[in-house]
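Undergrad: Predicted model and sequence below, questions to follow.
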Amino acid sequence: GKSFVGNHLLGRPAFEASEQSSSVTAQCSKETSSNENLDVIDCIGLFDTNKNPQEVHSILSRFGELAPDGVHAVVVVLSLSG
């Protein structure tokens with residue numbers, strides 16, 4: 001889901017992606033597009049992870065380090081299937 005969208009935005013397979021409903025991403029990471037005009041940050045899922053709330057908070061707190069100049073857009077990926 002989220003990693004697949006990130007890869008699509010970048011135009012290359014930068015993030016590990018899976019068709020499973022459970023989260024593959026374990027940490028937040030940033031990749032830059034080939035023309036360097038787009039940074040994409042891939043983060044763990046809020047509700048599709050097996051981590052406890054404290055671990056999720058700790059991992060997501062790194063987001064600020066990856067975007068020190070701020071964020072221009074946030075893409076939310078939701079599953080509409082059962």
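TA: All right, it came through fine. Computed from a prediction, not measured in an experiment: that's the story for all the values here. Numbers count the residues shown, from 1 in each chain.
Undergrad: can you give me the helices in the protein?
TA: 2-10, 53-60, 63-66 (DSSP state H).
Undergrad: Could you give me the buried positions within the second one?
TA: By neighbour count, and taking 16 or more other Cβ atoms under 10 Å as the criterion, the buried residues in helix 53-60 are 56, 59. Heads up, the C-betas are built off the backbone N, CA and C, glycines and all.
Undergrad: so can I have CSV of the helices of the chain showing distance to residue 78 and mean pLDDT?
TA: Shown next, in CSV, are the helices of the chain (distance: least, Cβ to Cβ, whole Å; pLDDT from 0 to 100):
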stretch, distance to residue 78, mean pLDDT
helix 2-10, 10, 92
helix 53-60, 17, 87
helix 63-66, 19, 88
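Undergrad: Out of those helices, which is closest to residue 39?
TA: Of all those, it is helix 63-66 that lies closest to residue 39, at 8.0 Å by Cβ to Cβ.
Undergrad: ok, which stretches of the chain are strands?
TA: 29-32, 39-42 (DSSP state E).
Undergrad: and the first one, how far out from the chain's middle?
TA: Same thing as strand 29-32. From the chain centre to the centre of strand 29-32 is a distance of 9 Å (Cα atoms, centre = their mean, to the nearest Å).
Undergrad: Also the last one?
TA: Centroid displacement of strand 39-42 relative to its chain, using Cα atoms, centre = their mean, is 6 Å.
Undergrad: hmm, back to that, out of the strands of the chain, the one nearest residue 14 is which?
TA: Residue 14 lies closest, by Cβ to Cβ, to one member of these: strand 29-32, at 4.0 Å.
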